Each structure stands twice: as C-alpha cells, then as structure tokens.
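**Q** below is the structure, and that's it, no one-letter string:
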C-alpha cells in the first residue's frame, strides 16, 4: 500500500504539470478566428447580463 501512495505522489504532480503545459501551449497558439469568436461570445454574454439587470 505504501508503494502505491509513493507512486501516486510522484506521478500525480508530474501528470498535472504535463496537462497544464499542454493546455497552455494549445491556448497560446489560438488562431485569430477563434479569438474573435471568443470575444464576440463574451460581448454577447455581457450584453445579455446587462439587459437582464436593467429594470423594466
């Protein structure tokens, strides 16, 4: 049982760092189209929130 926890303690953080680096690299290489699409979505969401909070 102790060997299992040792393996988990060593492999877990290494795996987590690998996943974080992979996600960071993929997001860093985003295309202009995907960035523009994300900006339009954020603006649409902000407009909807503002509209919903405006008293009638």
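**A** The structure has been received and is ready for your questions. A quick note: this is a predicted structure, and the numbers were derived from the prediction, not measured.

**Q** which one's the longest helix in this protein?
**A** helix 2-28 (DSSP state H).

**Q** give the next helix or strand downstream of it.
**A** Next in sequence after helix 2-28, counting helices and strands by DSSP states H and E, comes helix 32-53.

**Q** hmm, back to that, ok and the longest helix of the chain relative to helix 32-53, angle-wise?
**A** 90 degrees (axes from the mean of the first three to the mean of the last three CA atoms, to 10 degrees).

**Q** now do helix 2-28: distance to the chain's middle.
**A** In terms of CA atoms, centre = their mean, to the nearest Å, the centre of helix 2-28 is found 16 Å from the chain centre.

**Q** tell me the centre residue of this protein?
**A** The residue lying closest to the centre of the chain (CA atoms, centre = their mean) is residue 23, at 7.5 Å.

**Q** so where's the chain shaky on pLDDT?
**A** 56 (pLDDT under 70).

**Q** run the last query once more with 90
**A** By pLDDT under 90, the weakly predicted segments of the chain are 1-2, 26-32, 34-35, 52-56.

**Q** look at residue 48 and say how many residues are nearby.
**A** Residues near residue 48, counting by other CB atoms under 10 Å, number 10. No exception for glycine: its C-beta is placed from N, CA and C like everyone else's.

**Q** mind checking how far the residue nearest to the centre of the chain is from residue 29?
**A** Distance of residue 23 to residue 29, given as CB to CB, to the nearest Å: 11 Å.

**Q** now residue 35
**A** Distance, residue 35 to residue 29, by CB to CB: 11 Å.
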